[in-house]
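Asker: Would you be able to build a 3D model of this:
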Amino acid sequence: MFVARSLAEIPAFAQGGAVTIGNFDGVHRGHAQLLAQLIQAAKKVGGPAIVFTFDPHPRALLRPLDPLLPLVWPERKWELLAGLGIDGILVYPTDEKLLALSAADFFQQLLVERLAPRAIVEGENFFFGRGREGNVARLSEFCRAAQIEFEVLTAVTADGSEVSSSQIRGLLLSGDVTTANRMLTQPYRLRGEVVSGARRGATLGFPTANIERPENLLPGTGVYAGRAFVAAGEFPAAIHIGPNPTFGEEARKLEAHLVGFSGDLYGNLLELEFTSRIRDVRRFGSKEELVEQLRQDIALTVTPATPE
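Answerer: You can find the predicted model right below:
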């Protein structure tokens, strides 16, 4: 599978297949079903299955004062997409020139002239072109005129709700990682650089890795069970998001205790995968009470209980 970061990097074999366009934030079950349909369409026309996506998300340019942290960082997105069986990804660099293209110009200049697709597959809520002027009905007209096969995927549901990046975002912000994970193709994971903290965890017997600015969305305040991924391997992790009221700290922090790990992680990238939410963040009456609770948290991390 190839990843092209510009139009100039698109290999010749990428033309003449099936294409789908979108942000694919989080790579959820709806995306998986869309890509399964894309792969079938590619087989019908005898060409590759290609994903056309963007970096950064267009919202970063359209609403710079109200940006959204993504659900997944770029390399992880490509890895997840590749795992669904596609043949290539075009990561188009989002800029003002792209956002100024009309729907017709987007279709002609970026799809027809560059990828020469014989089939296009999209979700029913797809919009494209300047000011989101293009929709599925208009894309269908363009495809008909260009003699390109066109297919639409209806919304995918889970637990009675439509699977979407915005729905997953809301679940994560509320701390419901269990339901969010049922909508994703892989458990939710974030990444960030480990920085120096107060080292209070080490004095309590539970050293933690602190991440100051994660690259993607931080779930809601709480204590979570999960797993940590570092160069040395994979470890169970008790993850704390929020303030530390026992010690009078109000700042919201992200820190994780890696069970069975010893070593220095400062300056390294750490990936944290969220399995379930264990409990709320609360103030403890003594250090001993806190230590006992931490033992219980870690026990639930190593042998997870039924999630909240």
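Asker: switch to C-alpha atoms for all contacts and neighbour counts from now on
Answerer: Will do.
Asker: For burial, what's the neighbour tally of G242?
Answerer: The local packing of G242 (other C-alpha atoms under 10 Å) involves 20 other residues.
Asker: Equivalent analysis for D159, please.
Answerer: Burial of D159, expressed as a neighbour count using other C-alpha under 10 Å, amounts to 9.
Asker: Use 27 as the first number from now on
Answerer: I'll keep to 27 as the first residue from here, and by that count the last item is D185.
Asker: Look up how far V29 lies from it.
Answerer: With distances taken as C-alpha to C-alpha, to the nearest Å, D185 is found 33 Å from V29.
Asker: Then V162?
Answerer: Distance check for V162 against V29: by C-alpha to C-alpha, it reads 26 Å.
Asker: Could you do T234 as well?
Answerer: 35 Å.
Asker: Give me the more crowded residue out of the two.
Answerer: Residue environment comparison for T234 versus V29 gives the larger neighbour count to T234, 25 against 17, counting by other C-alpha under 10 Å.
Asker: That one: what's its closest spatial neighbour, skipping adjacent residues?
Answerer: Counting by C-alpha to C-alpha, 6 or more residues apart in numbering, H283 is the residue found nearest to T234 once chain neighbours are left out, at 4.5 Å.
Asker: All the helices of the stretch 127-276 of the chain, residue numbers only.
Answerer: Counting by DSSP state H, counting those that start in this stretch, the stretch 127-276 of the chain has helices at residues 129-131, 139-141, 162-171, 191-199, 203-209, 226-230.
Asker: and those, which is most packed in?
Answerer: helix 203-209 (a mean of 21; mean count of other C-alpha atoms under 10 Å).
Asker: From W99, how far out is A38?
Answerer: Distance check for A38 against W99: by C-alpha to C-alpha, it reads 27 Å.
Asker: ditto for A130
Answerer: 30 Å.
Asker: Please apply the same query to S166.
Answerer: From S166 across to W99, the span is 31 Å (C-alpha to C-alpha).
Asker: Equivalent analysis for H57, please.
Answerer: 16 Å.
Asker: When those two are compared, which one has more neighbours?
Answerer: Relative neighbour count places H57 above the other of H57 and W99, with 27 against 19, counting by other C-alpha under 10 Å.
Asker: Show me how far the helix or strand hosting the more buried one is from its chain's centre.
Answerer: Mapping H57 onto the secondary structure by DSSP states H and E places it in helix 55-71. Centroid separation for helix 55-71 versus its chain: 19 Å, with C-alpha atoms, centre = their mean, to the nearest Å.
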